[in-house]
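**Student:** Give me the fold of what follows.
(chains A and B)
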There are 2 protein chains.
Amino acid sequence: MTSRDLHRDSLFIRSCYREPVERTPVWVMRQAGRYLPEYREVRAKSSFLELCKTPELAAEVTMQPIRRFGLDAAIIFSDILVPVEAMGIPLDFNPGPILSKKVSTAEDVAQLKLPDPLTDMSYVPGAIRAFTSAMPEVPLIGFAGAPFTLAAYVIEGGGSKNFAETKKFLFQQPKVARELLAKLTDTVSAHLWAQVDAGCCAVQIFDSWAGQLSRDDYMDFALPYTIEIIERLKVKNVPVILFAKGVHACLPELARTGAHVLGIDWTLPLDVAVARTEGKVALQGNLDPCELLGPVERIERQVQRVLTEAKDAPGHIFNLGHGILPMTSPDHMGAFVEAVKRLGIRRGAPATEEAVR
Amino acid sequence: MTSRDLHRDSLFIRSCYREPVERTPVWVMRQAGRYLPEYREVRAKSSFLELCKTPELAAEVTMQPIRRFGLDAAIIFSDILVPVEAMGIPLDFNPGPILSKKVSTAEDVAQLKLPDPLTDMSYVPGAIRAFTSAMPEVPLIGFAGAPFTLAAYVIEGGGSKNFAETKKFLFQQPKVARELLAKLTDTVSAHLWAQVDAGCCAVQIFDSWAGQLSRDDYMDFALPYTIEIIERLKVKNVPVILFAKGVHACLPELARTGAHVLGIDWTLPLDVAVARTEGKVALQGNLDPCELLGPVERIERQVQRVLTEAKDAPGHIFNLGHGILPMTSPDHMGAFVEAVKRLGIRRGAPATEEAVR
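**Tutor:** Sure, this is the predicted structure:
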C-alpha cells in the first residue's frame, strides 16, 4: 500500500480534495523549529544544514511536534535552498541564508547544475523514509521553493528588503532570467517527484517572495513556472498546496493553476479569499503567527474568528499565516492546536468531480 | 491669498478632489533623497536629523527635485519620527531609525509628552515657510506617520521584520496600547494642523506598517486613530492622502475614512483598487520603485500600463508605489516623469458634489 493510499482518508488529505470531513485539520508552518526545547537540544549538537542532511536527525525533529501536539500532518524537515546548493551554489545559515556565489550573468546561469535528487540530495528522500517508517500513520508533506523565490535568493545572495537586485536582473536581462527560472523549474520538479516517491502524500510549494512583485511581473516571471511544476506533478497524483505569500491581486489566477489548496497569509481574510477563488480550491491558513504571543483566551477567540471567516471555503486546513516564531511558548502552540481541534467544524459539502476521481 | 487658495486650481489639488484635469499629475515619494547628487552634496555636510531641523536646508532639498524634474507637487523634507522625538524619545539614524528608549509599559506611555508643534518642532513650519516663499507656485504636501506605525517604531525601538514586539504589546496590554495610540493621535493631529497653517495645501498620512496586521487587528488598533486624525483635519479644508501600505483587505473601509485620496502600493493593481473603492476616492500610485532600475523603454511601457489600470479612477495622481530607491539613476527618474507628463490622460468626469463644494 502506498503512502498516498494509506492517507487517502485522513482529515488532511480529504480537506485538500474538498471532501467532507468531521473537523478542520491543523498543522503549522515551521512546526519543527526553534520554539521547541527538544528541537533546540538536537540543534545544539549540529548546524542547521547538518540537521537537514542527516536523515535520522531530520526525521527526529519532524516527529517532535507530532508527539507533543498530535498535529494532523507533518512536513519533512528541510530547507527550500537545499536544491540550490545541489545546483552548485555554496550555502550557509547565520541564521538567515547566505549564498556565497551570486548569479548575475548568463554564464552564471549556464554553470548551474541540474541535480539528481536521488544522488545529490539523497538525504531528503532518506529523511522521508525514516519518518514514514517511524510514523506511518501521519500524513507527511514534502516541499520546495517556487522558481521565482529561489531565483531571488540566488540573485541577492540571501534575503533582501526590497529585492532590487532581483528585479533589476529580471527587467534588464529578461532572457537570462527566464533561463534561470527554467532551470529552477526542472530542479524543483525533480525534487518534488523524489519526495513523493519516497513517501510524501502531499506537497507544498512556497513562493515566499512573490508578493513583492506587481501583478504584471508576477504573471510574467513567477506564475508560469509554478504552473509548469504543478503540471508535471499531476502524474504523481498527490494534492498540491501553493503558498504564494502576499500574492493577493492574482487569486483568481492562483485558483486556476491546478493547485488543490492555496496557502493564505494572515493579511488576507479567508472570507475574501473564498470570494476571489470562487470556491474552486481549498484554503490553508491563516492566523497571524504573532497571535500566539498573546493571551490564551485571545488565541481561542482568534481561532474562532478564522474558522468563521473560512466557513464557506470548500475545504479548510488550519495553519498559521506564516511560520511559527521562535519566541512562541510551546504552551501557547498547544492551546492553539487544542482550540482548532475543539472548535474545528464538520464540512459536509457534496463531493465534487475531482474529489471522487 | 492662502496657499490653499493659490493652488486650488493646480492639477494636483484638482485630482485630489476628483475634478477634471488636462493630464495626470505626478510626484514621487522620497523625491528629495539620496538618488540625487545635489542632495548627497547637502547631506555630506549635515546629519539626516540636522537636515530635518534646519529650515533653509530642508527647504533647499525639498526644492531640488522640483528644479530638476518639474514635478507637480513637492513634499516637505522631514521624517515621520520627528514628532516622536518631540514626545521625549531620543532619535538617531544609522541609516535606519534608532529609538534609544523603547515604550513597553503604562508608565512609559504616561511619560510621553504632548509636544507643541510651534515650539517643540518649529523647524517643520519654518521649512514650509522657507519653501513656499521661494517656490510659491508649487503645491506643497505636509505629512505625518499614522498612530499605529509610530507606535510600532516606539515599541520596537526602530524597524522590525515581523513586528512581534508591537503585536505582543497590542495583544497583551490592549488598554495601554490604546493610550499610546491616543497620545500619538493628538500629537499627529496637532503636527498636521501646524503644517497646513504654515503653508501646506494638502497632507499625506503614512501608515507604513499597517499592512502587517490582520484585517481584524487593523480595524481594531489602527483604523480608528487614523479616522480621528482625518476628522480633526476637516476644519483645515485641505485634501488628505492616506497611504496605508499593504492594507488591501480593508479598501472599502479606507474609502470611507474621509480621506480624499488613497495611496496604493505597487502590489495592488489600480483597476482592482478602483473596483474595491467604488469610485469614492482618488488614487495615488503605483509603479514599483524597482521599475526605475530597468531600461527606459520598459519604464515607458510600465507608465502606460499603470495609466491604463487607473483609467476608471475618479482621480489619479501618479506616483511610485513606495519611496524611490537610493540606487535609482536620476536619468531614469527624469524619463519616468517625462513619460507620465507625455502619456498622462485628461480626466473630464463631471464634478461630484464634493468637488464643487
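**Student:** mind listing what whichever residue of the stretch 51-200 of chain A sits closest to chain B touches?
**Tutor:** The stretch 51-200 of chain A approaches chain B most closely through A:F171 (3.0 Å), counting by CB to the nearest CB. All C-beta atoms are positioned from the backbone trio N, CA, C, and that covers glycine. By CB atoms under 8 Å, 6 or more residues apart in numbering or on different chains, A:F171 lies in contact with B:C290, B:E291, B:L293, B:G294, B:P295, B:R298.
**Student:** distance of the first one from A:A273?
**Tutor:** Right, the one you point to is B:C290. According to CB to CB, to the nearest Å, B:C290 and A:A273 sit 27 Å apart.
**Student:** So the two - more neighbours on which side?
**Tutor:** Between B:C290 and A:A273, counting by other CB atoms under 10 Å in any protein chain shown, B:C290 is the more crowded of the two (27 against 24).
**Student:** thinking again about what came up before, now, of the contacts of A:F171, which are buried?
**Tutor:** B:C290, B:E291, B:L293, B:G294 (16 or more other CB atoms under 10 Å in any protein chain shown).
**Student:** wait, A:S214 sits on B:P289?
**Tutor:** No. The criterion here is CB atoms under 8 Å, and A:S214 misses it with B:P289 at 10.8 Å.
**Student:** Neighbour count for the two, which is higher?
**Tutor:** Regarding A:S214 and B:P289, a neighbour count based on other CB under 10 Å identifies A:S214 as having more, with 25 against 22.
**Student:** give the contact list for that one.
**Tutor:** By CB under 8 Å, 6+ apart, the neighbours of A:S214 are B:W266, B:T267, B:P269, B:D288, B:E291, B:G321.
**Student:** Rebuild the residues you listed as TSV, extending it with distance to A:I230 and pLDDT.
**Tutor:** Listed next are the contacts of A:S214 as TSV, based on distance: CB to CB, whole Å; pLDDT from 0 to 100:
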residue	distance to A:I230	pLDDT
B:W266	26	98
B:T267	23	97
B:P269	24	97
B:D288	26	98
B:E291	28	98
B:G321	29	97
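**Student:** Tell me the bridge partners for A:L99.
**Tutor:** Residues in a beta bridge with A:L99, per DSSP bridges, are A:L91.
**Student:** how far away is it from B:P252?
**Tutor:** Taking CB to CB, one finds A:L99 at 42 Å from B:P252.
**Student:** same thing with A:S189?
**Tutor:** Applying CB to CB to A:S189 and B:P252 gives a distance of 40 Å.
**Student:** Name the residue in these two with the higher neighbour count.
**Tutor:** The residue with more neighbours, out of A:S189 and B:P252, is A:S189; 20 against 11, by other CB under 10 Å.
**Student:** The more buried one in helix, strand or coil?
**Tutor:** What DSSP: H, G, I helix; E, B strand; the rest coil gives for A:S189 is helix.
**Student:** nearest residue to it other than its sequence neighbours?
**Tutor:** A:R232 (4.6 Å; CB to CB, 6 or more residues apart in numbering or on different chains).
**Student:** Just to be sure, the one you found is in a strand?
**Tutor:** No. Using three-state DSSP, the assignment for A:R232 is helix, not a strand.
**Student:** Report the contact partners of the residue nearest the centre of chain A.
**Tutor:** By CA atoms, centre = their mean, chain A has its centre lying nearest to A:Q204, at 4.0 Å. Taking CB under 8 Å, 6+ apart, we find A:Q204 in contact with A:I75, A:I141, A:G142, A:F143, A:V240, A:I241, A:L242, A:F243, A:G263.
**Student:** Moving C-terminal from the helix or strand encompassing it, which element do we reach first?
**Tutor:** Assessed by DSSP states H and E, A:Q204 sits inside strand A:202-206. Moving toward the C-terminus from strand A:202-206, the next helix or strand (DSSP H and E) is helix A:215-221.
**Student:** Check which helices and strands that next one sits against.
**Tutor:** helix A:164-172, helix A:174-198 (3 or more CB pairs under 8 Å, 6 or more residues apart in numbering or on different chains; DSSP states H and E).
**Student:** Could you export the ones you listed to JSON lines, including columns for mean pLDDT?
**Tutor:** Listed next are the helices and strands packed on helix A:215-221 as JSON lines, based on pLDDT from 0 to 100:
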{"stretch": "helix A:164-172", "mean pLDDT": "98"}
{"stretch": "helix A:174-198", "mean pLDDT": "98"}
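**Student:** got the end-to-end distance for stretch A:307-322?
**Tutor:** End-to-end distance of stretch A:307-322 (CA to CA, to the nearest Å): 17 Å.
**Student:** wait, I meant stretch A:15-35
**Tutor:** Start to finish, the residues bounding stretch A:15-35 are 27 Å apart (CA to CA).
**Student:** got it, and stretch A:320-334?
**Tutor:** With CA to CA applied, stretch A:320-334 spans 13 Å between its terminal residues.
**Student:** what comes into contact with that stretch?
**Tutor:** With CB under 8 Å, 6+ apart, stretch A:320-334 has contacts from A:28-31, A:33-37, A:65, A:68-69, A:245, A:264-267, A:285-290, A:292-293, A:296, A:299, B:162, B:164, B:214.
**Student:** again, but for stretch A:31-38
**Tutor:** Stretch A:31-38 is contacted by residues A:39-40, A:43, A:61-62, A:64-65, A:68-69, A:71, A:74-75, A:77, A:323-330, A:333 when judged by CB under 8 Å, 6+ apart.
**Student:** List the buried residues of that stretch.
**Tutor:** A:Q31, A:A32, A:G33, A:R34, A:Y35, A:L36, A:E38.
**Student:** Turn those residues into CSV, columns for pLDDT and secondary structure.
**Tutor:** Output for these, formatted as CSV (pLDDT from 0 to 100; DSSP: H, G, I helix; E, B strand; the rest coil):
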residue, pLDDT, secondary structure
A:Q31, 98, coil
A:A32, 98, coil
A:G33, 96, coil
A:R34, 97, coil
A:Y35, 98, coil
A:L36, 98, coil
A:E38, 98, helix
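**Student:** What pairs with the strand holding A:Q204, parallel or antiparallel?
**Tutor:** Strand partners for strand A:202-206, identified by DSSP bridges, are recorded as strand A:140-145 (parallel), strand A:240-243 (parallel).
**Student:** Could you dump these into JSON lines and include mean neighbour count and mean pLDDT?
**Tutor:** Shown next, in JSON lines, are these (neighbours: other CB atoms under 10 Å in any protein chain shown; pLDDT from 0 to 100):
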{"stretch": "strand A:140-145", "mean neighbour count": "24", "mean pLDDT": "98"}
{"stretch": "strand A:240-243", "mean neighbour count": "25", "mean pLDDT": "98"}
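**Student:** In the stretch 51-200 of chain A, where is pLDDT below threshold?
**Tutor:** Along the stretch 51-200 of chain A, the model assigns pLDDT under 70 to no residue.
**Student:** Quick check: residues of it near chain B?
**Tutor:** A:N162, A:F163, A:A164, A:K167, A:K168, A:F171, A:Q172 (CB under 8 Å from any CB of the partner chain).
**Student:** The fifth one and B:E291 touch, don't they?
**Tutor:** Spelled out, that is A:K168. No. Using CB under 8 Å, A:K168 is not in contact with B:E291, being 9.9 Å away.
**Student:** Could you pull up the contacting residues of A:T267?
**Tutor:** Taking CB under 8 Å, 6+ apart, we find A:T267 in contact with A:G246, A:H248, A:G321, B:G211, B:Q212, B:L213, B:S214, B:R215, B:G246, B:H248, B:A249.
**Student:** can you pick the most crowded of those residues?
**Tutor:** When neighbours are counted by other CB under 10 Å, B:L213 leads those with 30 neighbours.
**Student:** Next, the contact list for the closest residue to chain B within the stretch 251-357 of chain A, please.
**Tutor:** The nearest approach of the stretch 251-357 of chain A to chain B comes at A:G294, 3.0 Å away (CB to the nearest CB). When contacts are counted by CB under 8 Å, 6+ apart, A:G294 touches A:Q302, B:K167, B:K168, B:F171, B:Q172.
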